[in-house]
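Participant: Sequence and predicted structure, then a few things I'm wondering about:
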Amino acid sequence: PGAGREDAIEAARAAGIDDRIALFPDGYDTLVGERGMTLSGGQRQFLSIARAMLRNAPIVILDEPTTGLDAGTESMVAEAMHRLTRNRTTFVIAHRLTTVTSADRILVLEHGRVVQTGTHEQLVLEPGRYRELWTSAFGGVYPDTSANNPQKIMSWPEHRDNATSTHTFREWLPALGTQE
């Protein structure tokens, strides 16, 4: 509410999804279903990031932002998250360690208690739970998380004809009251 079409399009551009929305049959007027039900997980994540950019809040909380995404989509969502969180206080709750590697400070929780704190670089070098988890997932190898690393291109599925709602990208993007 209160966001105009141009503001919504600018937020979509900033999140890196404007060109993908243009691929849908009716662009920003394409039906996406209630709460984006006809969209993939990655598409919903990109739209949530765009909506957060539209709000321009000084504090951002991301809860499991890359859960259920393939590696290529995760990388693109991570780039959009980086743009969203620039110059903002950000809290990221994640089980997927690659989601937090660029954090200024990581808090490792176990059974509800903080058992380690530090940067990714510090935590992989010191004995503890973070290094155990990292080694278990990656064998001690550091993935290239730079923005210049070529990744698989995400394909957005064609619009599904079975939409049961009249919500469009244009309407859904600025909607308030759902999880970001």
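Facilitator: On my side now, so go ahead. Numbering: from 1, shown residues only.

Participant: tell me the phi and psi of the residue lying closest to Y130 once chain neighbours are set aside?
Facilitator: Leaving aside its sequence neighbours, Y130 sits nearest to L123 (Cβ to Cβ, 6 or more residues apart in numbering; 3.9 Å). The way it works is simple: take the backbone N, C-alpha and C, and place the C-beta from them, glycine included. The phi and psi values for L123, taken as degrees, to the nearest 10, are phi -70, psi -30.

Participant: what about Q43, helix or strand, and which?
Facilitator: helix 41-55 (DSSP states H and E).

Participant: Using PDB, list the CA coordinates for that helix.
Facilitator: This file holds the C-alpha atoms of helix 41-55, laid out as PDB (Å, rounded to 0.1, in the frame of the first residue of the first chain):
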ATOM      1  CA  GLY A  41      10.800 -20.600  -4.000                       C
ATOM      2  CA  GLY A  42      13.500 -18.600  -5.700                       C
ATOM      3  CA  GLN A  43      11.000 -16.300  -7.300                       C
ATOM      4  CA  ARG A  44       9.300 -15.700  -3.900                       C
ATOM      5  CA  GLN A  45      12.700 -15.000  -2.300                       C
ATOM      6  CA  PHE A  46      13.600 -12.400  -5.000                       C
ATOM      7  CA  LEU A  47      10.200 -10.700  -4.600                       C
ATOM      8  CA  SER A  48      10.500 -10.700  -0.800                       C
ATOM      9  CA  ILE A  49      13.900  -9.000  -1.200                       C
ATOM     10  CA  ALA A  50      12.400  -6.400  -3.600                       C
ATOM     11  CA  ARG A  51       9.600  -5.800  -1.100                       C
ATOM     12  CA  ALA A  52      12.100  -5.200   1.700                       C
ATOM     13  CA  MET A  53      14.000  -2.800  -0.600                       C
ATOM     14  CA  LEU A  54      10.700  -1.000  -1.200                       C
ATOM     15  CA  ARG A  55      10.200  -0.500   2.500                       C
END
